[in-house]
Structures are given as structure tokens and as C-alpha cells.
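K.L.:
sequence and predicted structure below; questions after.
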Amino acid sequence: MTQPWDYIAKIVSLGDSGCGKSSLTIRLCEGRFSPHHDVTIGVEFGSRIVPVGPPASLALNINNPSKTPATPPAQPSKQQQQQQQQQKHMKLSLWDTAGQETYKSITRSYFRGASGALLVFDITRRNTFLSATSWLNDLRQIAEEGIVVVLVGNKSDLASASTVSDSNEENRRQVTREEAEAWCKANGVMQYVETSAKSGEGVERAFLEVAERIYQNIEAGKYDLNDRRSGVKGPGAGGGNRNAVKLGMNDAARGKKQQGWGGCC
């Protein structure tokens with residue numbers, strides 16, 4: 001049977017405890033929200049297959065800067081159109097790391113071999129945003145050079161406006177979108193996405209932003225698909241279940257052996 005994916009990529013999520021990293025993984029992999037989730041000890045694991053490249057990336061306008069050409073391009077042949085519409089898929093191997101200081105020595109080891117990362121903070125707790133710089137420094141010291149990073153402001157359902165307001169009890173926002181976007185520019189982070197693990201808003205978009213940029217790097221030949229340190233594998237790396245999600249350190253270890261992902265994913 002033909003495998004349902006073209007590539008596997010290892011993605012890590014990091015950030016302070018209580019930002020909703022595990023809830024984002026569960027929302028993406030299982031499509032549900034759990035209001036009560038135990039504190040992550042070490043690392044939790046999930047997986048999801050997503051489309052990458054055209055036509056999906058064009059429809060979602062992800063990593064697709066619009067430029068109007070000076071002259072109309074030549075019409076592609078029917079064969080070229082069919083090739084352009086052949087959708088690629090990527091299996092995201094998601095590693096949700098603990099945010100507590102107690103487990104940092106454990107979680108840092110999971111940064112190795114990651115090709116992408118979601119750096120998560122809680123938009124209603126400013127201190128979690130201020131910690132993002134430290135988390136980013138830890139990630140870049142351990143992960144491979146050029147890792148794709150997207151900043152994620154979670155719990156947007158608790159902020160009814162884009163600006164901070166002390167008088168509006170419904171708006172608990174402490175970090176504005178403009179401030180987060182400015183931080184991304186200052187720290188070389190590619191994108192900022194706001195999400196709500198509770199409602200699901202923006203969750204898939206956040207992961208797709210990472211996946212699409214990894215795919216662009218694959219197309220540009222920036223990864224050695226036979227080197228586990230790159231965090232990306234090509235066809236023939238092993239099978240996988242499209243909807244499987246395994247949570248917990250022991251399950252993650254078993255999942256690697258069962259799926260044949262080896263050391264990188």
C-alpha cells in the first residue's frame with residue numbers, strides 16, 4: 001500500500017509551563033480540547049499528516065508572497081498543470097516539551113534533530129512572552145542551524161481585542177500582536193500566529209506555517225534526507241498512521257520503534 005506522506009519532519013514545541021503547548025498538540029492531532037491537562041513531564045508526542053506545497057499552500061496563502069509579473073507568463077501545458085497540482089504531504093512528528101525549569105535538562109535533549117519549532121507563549125501572561133527569548137536561545141544552541149521557528153501566541157479566546165485594555169474584563173490580553181511581530185523581526189523568527197487551543201482557531205495554521213517552510217527548504221536542497229540530524233526524512237523512511245497520536249514519554253519511545261523513525265523523529 002502506498003504511504004500517505006512524502007516526508008517526515010520533526011517538530012518541537014517549547015515555552016513556559018501552562019501556555020497550552022500540549023493542548024495545541026491534542027487539538028491538531030485529535031481535534032478536541034481538554035480543559036484539564038496534567039503538567040507535561042519530560043515530553044509528550046503526537047503526529048499528523050498535512051499538505052505542503054501547491055495547490056494547498058496557494059489556497060491558504062502560506063509562504064506565498066504575491067508578486068505581479070511585468071509580462072503575462074506563458075500558459076503551462078496540460079502535463080505541467082498536472083504536475084503542479086500533485087499535492088505533497090508531510091508527516092509532522094510532534095514533540096511537546098515540558099516548560100517547567102525542573103525538566104529543562106531533559107527537554108533540551110529533544111531539540112536535537114528538529115527541523116522546526118513552535119515557540120509558544122500565553123498572550124494573557126506577559127512573563128511567558130518575556131521568557132521567549134531565553135527559550136529561543138536554548139533552542140538555537142542545541143538544534144541544527146537554520147531550524148524553522150514560528151512564534152505562537154496562544155489563548156486568543158481570552159482576548160476580545162488586539163490591544164491591551166485594563167478596563168475591559170473580557171480582554172485579558174497582555175501582549176499585543178504588534179509587539180509580538182516586532183519581537184519576531186528582532187530575533188529572526190519567521191512568523192507570528194495567534195491561536196486558541198480551546199476553539200481551534202489558528203492551530204492548524206500555526207503548524208502549517210512551520211511545515212510549509214520546511215518543505216520550501218526541502219525543495220531548495222537544504223536538507224540531507226539521509227542524515228537524521230536534519231530532522232527531515234524522505235520516502236522510504238517507514239510507515240505511519242495518518243491519525244495516530246501517542247502521548248507520554250513511554251509511548252513516544254515505543255512509537256519511534258514501531259514506526260521505524262530511527263533517531264531523528
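P.N.:
Looks like it arrived, so ask away. Residues are numbered from 1 along each chain as shown.

K.L.:
what pairs with the nearest residue to residue 87 once chain neighbours are set aside across the strands?
P.N.:
Leaving aside its sequence neighbours, residue 87 sits nearest to residue 51 (CB to CB, 6 or more residues apart in numbering; 5.4 Å). In this view, the C-beta of every residue, glycine as well, is placed from N, C-alpha and C. Residue 51 forms beta bridges with residue 89, as assigned by DSSP bridges.

K.L.:
list the contacts for residue 51?
P.N.:
In this structure, residue 51 makes contact with 57, 87-90, judged by CB atoms under 8 Å, 6 or more residues apart in numbering.

K.L.:
one more time with 10 Å
P.N.:
The neighbours of residue 51, taking CB atoms under 10 Å, 6 or more residues apart in numbering as the test, are 57, 59-60, 87-90, 208, 211-212, 215.

K.L.:
counting neighbours, which of those comes out on top?
P.N.:
Highest neighbour count within the contacts of residue 51: residue 211, with 30 neighbours (other CB atoms under 10 Å).

K.L.:
how much space between that residue and residue 62?
P.N.:
Plainly put, residue 211 is 9 Å away from residue 62 if you go by CB to CB, to the nearest Å.

K.L.:
hey, what's in contact with both of the two?
P.N.:
52-53.

K.L.:
can you pull the buried residues of stretch 116-133?
P.N.:
Of all the residues in stretch 116-133, those buried under the rule 16 or more other CB atoms under 10 Å are 116-125, 128-129, 131-132.

K.L.:
kindly report the same for stretch 184-191.
P.N.:
So, applying 16+ other CB under 10 Å, buried residues of stretch 184-191: 184, 189, 191.

K.L.:
so what touches that stretch?
P.N.:
Residues contacting stretch 184-191 (CB under 10 Å, 6+ apart): 62-63, 116-117, 119, 132-133, 136-137, 140, 148-152, 180-181, 183, 192, 205-206, 209-210, 212-213.

K.L.:
and the most centrally placed residue in the chain, what element?
P.N.:
Nearest to the geometric centre of the chain sits residue 207, at 3.7 Å (CA atoms, centre = their mean). Element membership for residue 207, per DSSP states H and E: helix 203-219.

K.L.:
quick one: low-confidence parts of the stretch 101-250 of the chain?
P.N.:
101-107, 165-169, 236-250 (pLDDT under 70).

K.L.:
mind running it again at 50?
P.N.:
239-250 (pLDDT under 50).

K.L.:
now the helices for it?
P.N.:
For the stretch 101-250 of the chain, the helices defined by DSSP state H, counting those that start in this stretch occupy 104-107, 126-130, 132-142, 177-187, 203-219, 249-259.

K.L.:
for residue 12, which of the ones you listed is the nearest?
P.N.:
Nearest to residue 12, of all those, is helix 132-142, at 7.7 Å by CB to CB.

K.L.:
and the closest one, what other elements does it pack with?
P.N.:
In terms of contacts (3 or more CB pairs under 10 Å, 6 or more residues apart in numbering; DSSP states H and E), helix 132-142 is packed against strand 7-14, helix 104-107, strand 116-122, strand 148-154, helix 177-187.
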